[in-house]
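Q: The sequence and its predicted three-dimensional model are supplied below.
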Amino acid sequence: MKTASSESFCLTRYKPGSLRELWTIVWPLMLSGISGTIMVFTDRAILAGYSSEAFNACSAAQPWFWTFDGALMALIACAEVIIGRLNGAQRYKEIGPAVWQMVTLAFATYLILIPVAFNAHYLLADTIETLGEPYLRMLLLTLPFEFAGFGAIGAFFVGRGDTGKIPMVVMTSCFLNCVLDYWFVFGGLGVPSLGIRGAALGTNISAIISFTIFLILFLRKKYRSHYAVHTYRWSWDVVHQCLKIGFPNTVAYSFSNSGWALAYQFFALNLIPEHYKAYCVAFSIYNLMFCVTDGLGKATGTLCANFLGANQRLYLSSVLRQGVRLVAMFVVGFIIFLLLFAHPLIGFLGSKEFASNAVFFKQTHLFLTWYVGVFACDALRYCVNGFLFSLLKAKVILTANVILYWGVCLIPTYLTVTYWHWNPVIYAQMLVLNQVIALVGFYIWYKRGTWKQG
């Protein structure tokens, strides 16, 4: 096998393992993640102005969408690690065929998503089923285009550290989604008002267009000769690697995100209107920061995978340390953001119905206070996950996510809120505890140093 030497391999023009190198990879990936966070926020913000019922239904249906999105994307996006290792080892001609296999796998997810889409009503609380079901069904039916574009083909750029092209696709997708959402929800220019279905339709169209742009960029002439992107060659070895790396995390995402979706459903059934609205609004604001956590995780995994492929294991700990530094900076930025913009955003998303409701405002601010801690822990966990993925330690993530999320967070929240009527902010508090336990466990394992061995 041809490998890169420590002298010849360099992913960026900055010092390997430095903060500048990590930031060079992170910021385009953050912009890539904005596509998802803007979709969530735009749908909710526009529907908040349309009707409170549509906003509530959208808020409760979206977590199920993200459950399938996150779980299946974890399987497809593991191509970033595979491509990163191939790139680090300078096995360039194997990269294009590997991407095409992941594209095939992306569209094969229709075998799962079509039955789910047409039985979506079983996933939703009775109070939001009427409006939430068509919205969720429509989103699920174009999800494979997102997997193929942002997941499989996007991994071609991410895995090689060539992330500069991704923001262009992302910003195009965000712009289309915002314009189409508003147009289809409220109607105009010959289009009738479609309400919550219009929000889903706007997202559907932008997902298909984004995939088309990714495909055009991927098939450019300069990539054909160097990476054989025009070649389709099936390899069970790539499929095996994909399942080995991605399937445990797919299961982990399924358990953790389905728990999050279930939390929305029992909150919709058990909370007073002010508290449920506060939870939906607070998470809508917090979710704007998910692009940071996702970008940090992918960047950490990409750098570590490339260094492993190039036999430069000594840089792994440096990448992880720089990730912690970036997390600290973003936490400070999030706090400043909340101090400046939280109150007007709460009023905007709360709509006229809750504009002067003191209970609603107080509860939303309480949620956001704890979400600062959730963000800090989440961002650190994603860095850790990227590090572990590069080492092919996905089973560690599976075990920690499943046991801790359900045992420490979801079940205690359900019992305390449903039967003992505690304040639902206990959910955010348990999320912090859950992540702290996982991070402490990782730190103990990390200090043992077994990961340094080849």
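A: Now that the structure is in, tell me what you want to look at. Residues are numbered from 1 along each chain as shown.
Q: Would you mark the buried spots in the one helix or strand Asn385 maps to?
A: For Asn385, the host element (DSSP states H and E) is helix 358-390. For helix 358-390, burial by neighbour count (16 or more other CB atoms under 10 Å) applies to 360-361, 363-364, 366-368, 370-390. Quick note: C-beta positions are derived from backbone N, CA and C, even for glycine.
Q: Which element, helix or strand, includes the nearest residue to Leu75 once chain neighbours are set aside?
A: Once flanking residues are discounted, Leu75 sits nearest to Gly246: 3.9 Å by CB to CB, 6 or more residues apart in numbering. Per DSSP H and E, Gly246 falls inside helix 236-270.
Q: the inter-axis angle of that helix versus helix 358-390?
A: With axes from the mean of the first three to the mean of the last three CA atoms, to 10 degrees defining the directions, helix 236-270 sits at 170 degrees from helix 358-390.
Q: Quick one: list the elements packing against whichever helix or strand comes after helix 236-270.
A: Downstream of helix 236-270, the next assigned helix or strand under DSSP H and E is helix 273-286. For helix 273-286, the contact count by 3 or more CB pairs under 8 Å, 6 or more residues apart in numbering; DSSP states H and E identifies helix 19-50, helix 52-76, helix 236-270, helix 316-350, helix 358-390 as packing neighbours.
Q: looking at the ones you listed, which is buried most?
A: Among those, ranked by average contacts under mean count of other CB atoms under 10 Å, first place goes to helix 52-76 (a mean of 24).
Q: Now do that one, average pLDDT.
A: For helix 52-76, the mean per-residue pLDDT is 85.
Q: After that helix, which helix or strand is next? Please name it.
A: helix 79-88.
Q: what's the angle from that following helix to helix 358-390?
A: Using the same axes, to 10 degrees: helix 79-88 against helix 358-390 is 40 degrees.
Q: if I pick Lys393, what's in contact with it?
A: Contacts for Lys393 (CB atoms under 8 Å, 6 or more residues apart in numbering) come out as Trp451.
Q: Same question for Gly149.
A: Val169, Ala207, Ser210, Phe211, Ile213, Phe214, Leu215.
Q: does it sit in a helix, a strand or a coil?
A: Look at Gly149: counting by DSSP: H, G, I helix; E, B strand; the rest coil, its state is helix.
Q: Tell me which residues touch the residue nearest to Ala79 when sequence neighbours are not counted, please.
A: Distances taken as CB to CB, 6+ apart put Ala155 closest to Ala79, at 3.7 Å, once the chain neighbours are dropped. Residues near Ala155 by CB under 8 Å, 6+ apart: Ile76, Ala77, Ala79, Glu80, Ile82, Ile83, Val99, Met102.
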